[in-house]
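1. Any chance you could fold what I've pasted below:
(2 chains)
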Amino acid sequence: MTTHSPTRDITASPEFRLLVIAVLVFGLMSVLSPDRFLSAQNLTSMAFQFPEFAILALAMTITMMTGGIDLSVVGIANLSAVAAALILTQFSDPSMPASQSAAWLAFAVTAAMSIGAVAGLLNGALVAFFGLPPILATLGSGLVFTGFAIAMTGGSAVMGFPDTVALIGNSQIFGVPVPLILFAVLAILLHLILTRTAFGLRVTMYGANPVAALYAAIDINRMLLKVYVISGMFSSVAGLIIMSRANSAKADYGSSYLLLAVLIAVLGGVNPYGGYGRVIGVILAVLSMQFLSSGLNMLQVSNFARELIWGVLLILVMVMNTHAVAALRESFAKSPK
Amino acid sequence: MNDWFPKDFWTRNETLVAGVIVLFCIIATISDPRFFTITTVSDLLRASIVIGILAVGAMLVLVSGGIDVSFTAIAVFAMYSSSVLFLTIWPGAPWPLIFAMSVVFGAMLGAINGFFIAFLGLPTLIVTLGTLSVFRGFLLTFIGSQRISDLPPAMRDFSRGVLARGTTEAGNFYSIPWAALALLFVILLTWLILKKTMLGRSIYAIGGSVESARRIGINVKWTQFFVYVYVGALAGLAGIIHGSVGRMADPFSLVGLELSVIAAVVLGGARLIGGYGTLTGTLLGVALIVIVQNSLIVIGIPTTWQSVTIGILILLGTGVPAYRAKRAAARAG
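-> Model prediction:
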């Protein structure tokens, strides 16, 4: 790469490739089953479906930016949801006036978010202060969080919420599904954090080169704590959406979302070794996955085949991205110093 | 310093884990004297065979500096497809043939992991997460998603074979199945590879530092490739044993167990950054996880707390050495 024309840079980015993939998948599905895929009903139902795992993917993204990973996102989501569900079923009942049950709902949401923050703080402390590799720290803590959710519920689902709970996951504001709004808010928030704040710069720097970040006098421990707290709080929002949509909470909901979250983040061009990642890439990856998933569903392809296709897609994109990186390195090595 | 009593004996993970096991057994025996019987021991041994074989494989991957989460999918894929294959073409086949087929299937799937990791240089966690869903998805879509309980008769014969059986004075039945020999064989073979061959040293060397290993002339790619093929083969063996002993080819079993197996290995002192891990530690880790999974209730902890207990054990078992290493590095730096 000797010349740097701006158009070339845009087409060479992983985000551009993803945009092409997303448009292709959308086009393909529209052609294969036009009346069903393009129906308003399908488009709305897609908008309700993807935010729950897309938010988990955002949580995964910020930890991957530091070269870490958060395998406990689903555990945190379920623990938060179970805690919120227990508060709602213990203290409020369907016969309550709406304002009172809305107050309890606000309390339950706050409790769930606090649990997410504390769980994230624990992950961050394990990674930052105890020097545990993020895979192990979050693997172990994920088991602990899931375990607490099992112990609190005895392993069964918690249900019987007041109607107000449906506000989070099943309602629309001006025709836009609330989960989609929540996802959009969190995505914009994460984008601003990563690109407009000093903290975001530190995260990117540390992920790109931890040693350089250390010599640049960055307080790495503080930064890591914040990263995992953000990841934990995002996870608890996803947990609340899952709870509202399922109208119940259980310790093992969404167990397939862990792989999906990693898959989406990597597909979205986030470098699992840290240092590179864009929210727009993650959004495009989510959209491609959801188009593919809904489309395959309409073509009556089984869930198992969908799992197969996701796995193939993950490896394929990794191969494409890694070879792009390798080619880039080669071109740098050839250029005169 | 000799092999039997190393200088760092008191600070090793193995000692820590062994201590926890002994402590657990003492508490269990005090709360229920029937715990410490040959029946319990043979039950625990039976429960450890499949996990033990899988753990030896997972340990080898960790030593080489990688991580594999797809081995449970490989195990169930190899077990199910070799069972289906022999049911269709030759139901009367002897069990060693069926077992060999499963091992070959496992090695082939391991080779797929090895190809992406060794030759394309992709991150091990992402590749194996991907292949985990590919293998599982392929199995359930194209080979079958039904449980099969009428397996080839030879597999049933294998599950009946025992090394020792008997009845205790209290009237409790115990038996040690042939499968225990398979675990022993895997341990011996892996010990030979790791301690007595250049290949084994290469695996430790790569885990220590890929670049240094390359500079002293080790063929990094083929060594990595071997590791994933070997792990796949072990998974195939573990899978077919699991199917035979359980007398059922269940395509939904085993997957989900991978994190417990890795937990057992890490508890035994293998490090995620590679270059360190022992068979003794791995087996102690397996023993601890199996005991916790099977006997928590004996010491009065409800089974609903099982995940919390194992999670905390992992965090302690890996956190203490990691913290110690961090402190040591800070002092040295």
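
2. just for chain B, where's the confidence low?
-> Applying pLDDT under 70 to chain B flags the ranges B:1-11, B:333.

3. which residues in it form helices?
-> All helices of chain B, identified by DSSP state H, fall at B:13-31, B:38-63, B:71-89, B:95-114, B:124-138, B:153-160, B:179-196, B:198-208, B:210-215, B:220-246, B:258-267, B:279-295, B:306-332.

4. How about the stretch 101-250 of chain A?
-> Per DSSP state H, counting those that start in this stretch, the stretch 101-250 of chain A carries helices over the ranges A:134-153, A:166-169, A:178-196, A:198-208, A:210-215, A:220-246.

5. Contact partners for the residue positioned nearest the centre of chain A?
-> In chain A, the residue lying closest to the centroid (CA atoms, centre = their mean) is A:Ala57, at 1.9 Å. Neighbouring residues of A:Ala57 by CB atoms under 8 Å, 6 or more residues apart in numbering or on different chains: A:Leu260, A:Ala261, A:Ile264, A:Ala265, A:Gly268, A:Val282, A:Ala285, A:Val286. In this view, the C-beta of every residue, glycine as well, is placed from N, C-alpha and C.

6. so which of those residues are also by chain B?
-> Among the contacts of A:Ala57, no residue is within reach of chain B (CB under 8 Å from any CB of the partner chain).

7. What number of residues are in the vicinity of B:Ala18?
-> Per other CB atoms under 10 Å in any protein chain shown, the neighbour tally for B:Ala18 reads 16.

8. I'd like the distance between the closest residue to it other than its chain neighbours and B:Val261.
-> Spatial nearest neighbour of B:Ala18, excluding adjacent residues (CB to CB, 6 or more residues apart in numbering or on different chains): B:Leu284 at 5.6 Å. Per CB to CB, to the nearest Å, B:Leu284 is found 14 Å from B:Val261.

9. Give me the more crowded residue out of the two.
-> The neighbour count for B:Leu284 versus B:Val261, taken as other CB under 10 Å, is higher for B:Val261 (29 against 24).

10. Let me know whether that one touches B:Leu54 as I believe.
-> Yes: using CB atoms under 8 Å, B:Val261 makes contact with B:Leu54 at a distance of 4.8 Å.

11. any shared contact partners between the two?
-> B:Phe71, B:Thr72.

12. Tell me, how many residues neighbour the residue of the stretch 151-300 of chain A found nearest chain B?
-> In the stretch 151-300 of chain A, the residue that lies nearest chain B is A:Ala151 (4.8 Å; CB to the nearest CB). Applying other CB under 10 Å, we find 18 residues neighbouring A:Ala151.

13. so who does it touch?
-> Contacts of A:Ala151 by CB under 8 Å, 6+ apart are B:Pro302, B:Thr304, B:Trp305, B:Val308.

14. Return the distance of the spatially most central residue of chain B relative to B:Val231.
-> For chain B, the residue nearest the mean C-alpha position is B:Ala55 (1.8 Å; CA atoms, centre = their mean). Using CB to CB, B:Ala55 is found at 11 Å from B:Val231.

15. For B:Val63, which residues are in contact?
-> The contact partners of B:Val63, by CB under 8 Å, 6+ apart, come to B:Leu194, B:Ile203, B:Tyr204, B:Gly207, B:Ala270, B:Gly274, B:Gly275, B:Tyr276, B:Gly277.

16. What backbone torsions are found at A:Ala157?
-> Main-chain dihedrals, A:Ala157, degrees, to the nearest 10: phi -80, psi 140.

17. what about it, how many neighbours?
-> If you count neighbours by other CB under 10 Å, A:Ala157 ends up with 15.

18. Tell me how many other residues surround residue 106.
-> Assuming you mean chain A. As a burial measure, A:Ala106 scores 11 neighbours (other CB under 10 Å).

19. actually chain B
-> The number of residues packed around B:Gly106, counting by other CB under 10 Å, is 30.

20. and the stretch 101-250 of chain A, which residues reach chain B?
-> For the stretch 101-250 of chain A, the residues in contact with chain B (CB under 8 Å from any CB) are A:126, A:129-133, A:135-137, A:139-148, A:150-151, A:154-155.

21. at 7 Å instead, please
-> A:126, A:130-133, A:135-136, A:139-141, A:143-144, A:146-148, A:150-151, A:154-155 (CB under 7 Å from any CB of the partner chain).

22. Now stretch A:22-39: buried residues?
-> Within stretch A:22-39, the residues that qualify as buried by neighbour count (16 or more other CB atoms under 10 Å in any protein chain shown) are A:Ala22, A:Val25, A:Phe26, A:Met29, A:Ser33, A:Arg36, A:Phe37.

23. Report the backbone C-alpha coordinates of it in CSV.
-> Extracted in CSV, the C-alpha atoms of stretch A:22-39 (Å, rounded to 0.1, in the frame of the first residue of the first chain):
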residue,chain,number,x,y,z
ALA,A,22,-25.2,-6.9,5.3
VAL,A,23,-26.7,-5.5,2.1
LEU,A,24,-26.0,-8.7,0.3
VAL,A,25,-27.7,-10.8,2.9
PHE,A,26,-30.7,-8.4,3.1
GLY,A,27,-31.0,-8.4,-0.7
LEU,A,28,-30.7,-12.2,-0.9
MET,A,29,-33.4,-12.8,1.7
SER,A,30,-35.7,-10.2,0.1
VAL,A,31,-35.3,-12.0,-3.2
LEU,A,32,-35.8,-15.5,-1.7
SER,A,33,-38.9,-14.7,0.3
PRO,A,34,-40.0,-11.2,-0.7
ASP,A,35,-43.5,-11.2,0.8
ARG,A,36,-42.5,-12.5,4.1
PHE,A,37,-39.0,-11.2,4.7
LEU,A,38,-40.0,-7.6,3.8
SER,A,39,-43.3,-7.6,5.6
